[in-house]
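quick one, fold the following:
(one chain, ligands or ions: 1)
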Amino acid sequence: MQKKGKFDYILLETTGLADPGAVASMFWVDAELGSDIYLDGIITVVDSKYGLKHLTEEKPDGLVNEATRQVALADMILINKTDLVSEEELNNLRTTIRSINGLGKVLETQRSRVHLSNILDLHAYDILSGISLQKKLQHVSTAPHLDQSIVTVTFEVPGSAKEESLNVFIQNLLWEKNVKNKDGHCMEVIRLKGLVSIKDKPQQMIVQGIHELYDLEESLVNWKDDAERACQLVFIGRNLDKDVLQQLFLAAVAEAEEQRTAPGRDGVCPSH
Ligand SMILES: Nc1nc2c(ncn2[C@@H]2O[C@H](COP(=O)(O)OP(=O)(O)OP(=O)(O)O)[C@@H](O)[C@H]2O)c(=O)[nH]1
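Alright, predicted model coming up:
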């Protein structure tokens, strides 16, 4: 890193057991501090032969296994060694991956052969992503839950959000972790992405969250004068309940007072 400007791109390979969120958070913060290095995106390679076994592995104490975390946080998922499995096995793996992460792009490969343009310059975390985000959000796949510990949920509500209330909503989820689903389990969001409208702001706003870090930024796209404003959010995480999240969000869009009496926040969730 001392030879500043000498690198075009850095591909960092973490160990098979790493939680990419921790590494990603580091680079994200670094960019905020004015560093030349910014986080472009997270790529996860899944082995077709053993992927499903790893993804469904049960960990003690109900912890989320590493493979699932790696898929959940990926912006690009390469399903590799497809030659080693049957079409049916591949289908099961695809469905499982999609139910965990409905937002990331999925490519199927052999010997990990992939055109570099597919994996470099993903811009998954910067405001450039706003241009394609709208399209992407229209195609978020939310497959049936399949007993998966981590799932993707998404919702869209018309209108604008109040910036302050939106921050409270996100902080309750990511920091306080005090939002419960209908079964009384605390929701755990590990990835958050969205395009929202803030009252009186001409630009569409991008929300990005990973683990406990999040950012609300103006995108390069303005709301068209005659277009209906809306907020769309995608959450990847555990114990997520779309209805509860949507109701809470509606409370944030409407009046701040309503938020305190909104469902799902009674009781205290243990901190992690
Ligand atoms: N049949 C087949 N073999 C593959 C493919 N990709 C890699 N291999 C082989 O699988 C073996 C193990 O390679 P990888 O799974 O890529 O190993 P790795 O990623 O270095 O291992 P870790 O980083 O420790 O996970 C090597 O002999 C590769 O040649 C593929 O698409 N099909």
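
which residues of the stretch 101-250 of the chain fall in strands?
Along the stretch 101-250 of the chain, counting by DSSP state E, counting those that start in this stretch, strands occupy 105-108, 150-158, 188-196, 203-210, 213-222, 230-238.

paired strands for the first one, with orientation please.
Read it as strand 105-108. Here strand 105-108 is paired, per DSSP bridges, with strand 76-80 (parallel).

write out the residues of the stretch 51-200 of the chain neighbouring the ligand.
When proximity is defined as C-beta under 6 Å from any ligand atom, the stretch 51-200 of the chain approaches the ligand at 80-81, 83-84, 110-112. Where C-beta positions appear, they are placed from N, C-alpha and C, glycine not excepted.

and if we set it to 5 Å?
Contacts of the stretch 51-200 of the chain with the ligand, taken as C-beta under 5 Å from any ligand atom, map to 81, 83, 110-111.

just the buried residues from those, in PyMOL please.
Buried residues within those, by 16 or more other C-beta atoms under 10 Å, are selected in PyMOL with:
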select buried, resi 81
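
between the residues of the stretch 51-200 of the chain next to the ligand, which is nearest Gly102?
Nearest to Gly102 among these: Lys81, at 23.1 Å, using C-beta to C-beta.

distance of that closest one from Tyr125?
Applying C-beta to C-beta, to the nearest Å, the value for Lys81 to Tyr125 is 29 Å.

ok, Ser141 next?
21 Å.

for the spatially most central residue of the chain, what are its contacts?
The chain has Arg191 as the residue nearest its centroid, 3.1 Å off, counting by C-alpha atoms, centre = their mean. Residues in contact with Arg191 (C-beta atoms under 8 Å, 6 or more residues apart in numbering) are 21, 72-73, 101, 103, 209-210, 235-237.

repeat that with 10 Å
Neighbouring residues of Arg191 by C-beta atoms under 10 Å, 6 or more residues apart in numbering: 21, 24, 42, 69, 72-75, 101, 103-104, 150, 152, 208-211, 234-237.

leaving out chain neighbours, which residue sits closest to it?
Spatial nearest neighbour of Arg191, chain neighbours left out: Ile236 (4.0 Å); criterion: C-beta to C-beta, 6 or more residues apart in numbering.

tally of neighbours for that neighbour?
As a burial measure, Ile236 scores 27 neighbours (other C-beta atoms under 10 Å).

how about the helices of the stretch 51-200 of the chain, start to end?
51-55, 66-72, 87-100, 116-119, 129-138, 163-171 (DSSP state H, counting those that start in this stretch).

other SSEs contacting the fourth one?
Secondary structure elements in contact with helix 116-119, counted by 3 or more C-beta pairs under 10 Å, 6 or more residues apart in numbering; DSSP states H and E, are strand 76-80, strand 105-108.

so of the ones you listed, which one's packed in deepest?
strand 76-80 (a mean of 21; mean count of other C-beta atoms under 10 Å).

I would like the residues contacting that strand, please.
41-49, 51, 70-71, 85, 90, 93-94, 97-98, 100-101, 104-114, 118-120, 122, 124.

sec struct for Lys49, please.
The three-state label given to Lys49 by DSSP: H, G, I helix; E, B strand; the rest coil is coil.

give the contact list for the closest residue to it other than its chain neighbours.
Once flanking residues are discounted, Lys49 sits nearest to Leu84: 4.8 Å by C-beta to C-beta, 6+ apart. Contacts for Leu84 (C-beta under 10 Å, 6+ apart) come out as 47-50, 90, 110.

can you give me the pLDDT of Leu84?
With respect to pLDDT, Leu84 scores 98.

repeat that for Ile10.
pLDDT for Ile10: 88.

which residue, other than its chain neighbours, is closest to it?
Distances taken as C-beta to C-beta, 6+ apart place Ile37 nearest to Ile10, at 7.0 Å, with adjacent residues excluded.

just checking, the one you found touches Phe7?
Yes - using C-beta atoms under 10 Å, Ile37 makes contact with Phe7 at a distance of 8.3 Å.

neighbour count winner among the two?
Neighbour totals were compared for Ile37 and Phe7, and Ile37 leads with 13 against 10 (other C-beta under 10 Å).

now that one: which helix or strand?
Counting by DSSP states H and E, Ile37 is held by no secondary-structure element, helix or strand.
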